[in-house]
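Colleague: structure for the following, please:
(2 chains)
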Amino acid sequence: MAETEPQPPSTEASSPEGKKLLLEVEGLTIERRLPDGEIIRAPDAVSLWVNRGEILAIAGERGSGKSAIAQALAGLPAPRSRIIHGEVLLEGESLLKTGRSRLRQIRRKRIAFLEPDPKAQFNPFITVRQHLRETIRLAERQSELADESEWSPIFYEVGIVEPEKVLDHLPDTLSPDLALRIMLATALFAGVELLICNQALTGVEPYTRTQVMNLLKQMRDERNLAILLTTDNLREIETVADRAIVLFEGGIAEIGTPERILKSPKCGYTRALIECIPRAGSDRARLGEIDTDALHEGRIAVHRNSSQTY
Amino acid sequence: MTEIPTAPSETPAINRRRSPFGDAAIRVFGRLWRRRYVHLTALGYIVLLVLFWREFLSIPSGQALSNWSPPNETHPFGVNALGQDMLKLSLAGGAKSMTVALVGAALGVGAGILASWLVVISGRRIIGFWSLTRISHWGTFTPAFSVLVLIAVGLRPGFWLLAVLLAGVIFIATVARIARWFEDLELRGDTIAGTVLGFTSIQVVNRNHLPVVIRRGIALSCSLVPGLVLGETALSFIGLGLVDGSWGKLIADGREVVFEAPWLLIYPGLVASLSLFALASLGWMARRSMNGELPPRVF
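Modeller: Prediction:
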């Protein structure tokens, strides 16, 4: 049975899959000045959407514009770059045009953002307990989470079984895996609706990565969380994503369900990218390469997709 | 029939252990040689000889003053013409020189941190950082010591004025680096995390960046103190710094009577050299620690 392709969302904030639309990006174009003065556009006229209770994965090579999209969605300006066109709507409210204090309110309560090095994301001068207390205060959830006995279920949910042992630690003394779990707990403490994982699983050891991916699926199902995951590892999108986008040179080369993308890719570039994944037990002497034909096909696909609205 | 080779009676050279002290001395000399310290020192002596060879050769007919006395059990560093103990004078001079250097370094680095912080919280980062960097670049091209001498000739500074002058030199030399610290910290993960958590940019700067910058600033001040002590000593030596009792003044006074009463020159010079060596080592270690390295083993 052929899988159905995802369709663009309708205007009344409800996606075709029947889930409620949370985030919508229309024609986002970010211009970036490289140190040598060259100006590149990545992403270039990218449109996408994320529903509640859905994991959208954006895959692509380094420099394809994944992080720029993720940062724009959290309203973070990247250095030496500017948004020249496009719109980011969170339940119809523009994140790019809204005022600073309103954006701060949205970030406190609705958006969480994870970066690759979880330990570096803590304020190095305060303990985990102070960090979580601040999160609760900013998200205005003191009434629900003022008592520390209320915190245990959240810690168990992210796989920390003895939270009292970590609460008084400074971030320096945490292991990277534990820090990642605490950052995920921070998102749950704030009660966010959108979790942006900007290559957050890069560099995490495989066992923890599998656990965290399962955890993301659990959070999606139980809390109806919308998760946007950017990655350079196509295996991650196969395991965790509901829908996936393959970015190439700032444009969308392929969009669809992970199974469809990995089993029957339409674009030659995606096919070449899949060939580059190392597989256990494979008898290939060397990994595949992305040749000129694949690049050409990628550019054609990007051009075709940029004329459509997703 | 071939002879069976016997073991050599002497230990082969490769197995011979060198004396640890000799080994260390060779290693230290090798490092100093490779980093051109030996060359620099030799060059310094040659320049001194060329400039002052007449004074080294001629013996001045200095008048003997009744009050001075060479080192003895009561006064290990000797006594000067006014009957003052040279040990106490050297220590007091060191305290003065070091205090003015420490205050100057702290004021200069503090002013740099304040200026960079004001730029950051004002929100005009690009133009602000650019301006601070320009100030530093222009200042670096200015021969700071000559300017200090000119100002000192005009103003005859006391303690506070000299400290402010030194602080100005330090401000110009370090403000670009401090601004760079703030710039680099903006790219750190906790800045992004703090912003998404909902802190304002000023809160993020005050809570996450400022403590880091202040710690680094303290380490930077430590590493700048020996240079400033040397600068202050040089100013006093030519009679423009703290005129009453600083190291440079003591050494300059001792130079006048170097052949009649060498202890007046040798002991203040020795105290100054050892103190500067200790301060430089401390600053060196502080700077290494600031860069996240382990403090080096001195021996």
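
Colleague: need the pLDDT of A:P8.
Modeller: Looking at A:P8, its pLDDT reads 50.

Colleague: which residue is nearest the centroid of chain A?
Modeller: A:L229 (2.5 Å; C-alpha atoms, centre = their mean).

Colleague: wait, that residue sits on A:A241?
Modeller: Yes: counting by C-beta atoms under 8 Å, A:L229 does reach A:A241; the two are 6.6 Å apart. The way it works is simple: take the backbone N, C-alpha and C, and place the C-beta from them, glycine included.

Colleague: how far does the helix or strand that B:F277 is a member of sit from its chain's centre?
Modeller: In the assignment (DSSP states H and E), B:F277 maps to helix B:263-290. Helix B:263-290 has its C-alpha centroid displaced from the chain centroid by 7 Å (C-alpha atoms, centre = their mean, to the nearest Å).

Colleague: helices or strands up against it?
Modeller: Contacts defined by 3 or more C-beta pairs under 8 Å, 6 or more residues apart in numbering or on different chains; DSSP states H and E place helix B:263-290 against helix B:86-122, helix B:210-237, helix B:247-256.

Colleague: before we move on, back to that, can you tell me the SS state at the residue nearest to the centre of chain A?
Modeller: Classification of A:L229 using DSSP: H, G, I helix; E, B strand; the rest coil returns strand.

Colleague: enumerate the residues of chain A near chain B.
Modeller: Residues of chain A lying near chain B by C-beta under 8 Å from any C-beta of the partner chain: A:71, A:74, A:76, A:79, A:104-105, A:107-109, A:111-113, A:115, A:117, A:120-125, A:134-135, A:138-139, A:183, A:186, A:190.

Colleague: buried only: go through these for me.
Modeller: Neighbour counting with 16 or more other C-beta atoms under 10 Å in any protein chain shown marks A:71, A:74, A:76, A:104-105, A:107-109, A:111-113, A:115, A:117, A:120-123, A:134-135, A:138-139, A:183, A:186, A:190 as buried within those.

Colleague: can you tell me which of these end up in strands?
Modeller: A:I111, A:A112, A:F113 (DSSP state E).

Colleague: tell me the average confidence for whatever helix or strand A:G298 lives in?
Modeller: Under the criterion DSSP H and E, the helix or strand holding A:G298 is helix A:292-306. Helix A:292-306 shows a mean pLDDT of 79.

Colleague: which strands or helices does that helix pack on?
Modeller: Counting by 3+ C-beta pairs under 8 Å, 6+ apart, helix A:292-306 packs on strand A:243-248, strand A:251-256, helix A:268-275.

Colleague: what do you get if the cut-off is 10 Å, keeping everything else the same?
Modeller: Helix A:292-306 sits against strand A:46-51, strand A:243-248, strand A:251-256, helix A:268-275, with contacts defined as 3 or more C-beta pairs under 10 Å, 6 or more residues apart in numbering or on different chains; DSSP states H and E.

Colleague: list the contacts of that helix.
Modeller: Identification of contacts with helix A:292-306 by C-beta atoms under 10 Å, 6 or more residues apart in numbering or on different chains yields A:27, A:44-47, A:245-255, A:265-273, A:275, A:288, A:290.

Colleague: for the stretch 51-200 of chain A, which segments count as helices?
Modeller: A:66-73, A:100-109, A:128-138, A:142-145, A:152-157, A:176-190 (DSSP state H, counting those that start in this stretch).

Colleague: name the residues of the fourth one that come out as buried.
Modeller: Yep, that's helix A:142-145 we're talking about. Neighbour-count burial for helix A:142-145 flags A:L145 (criterion: 16+ other C-beta under 10 Å).

Colleague: and it, how far from the chain's centre?
Modeller: Relative to the chain's own centre, helix A:142-145 is displaced by 28 Å; criterion: C-alpha atoms, centre = their mean.
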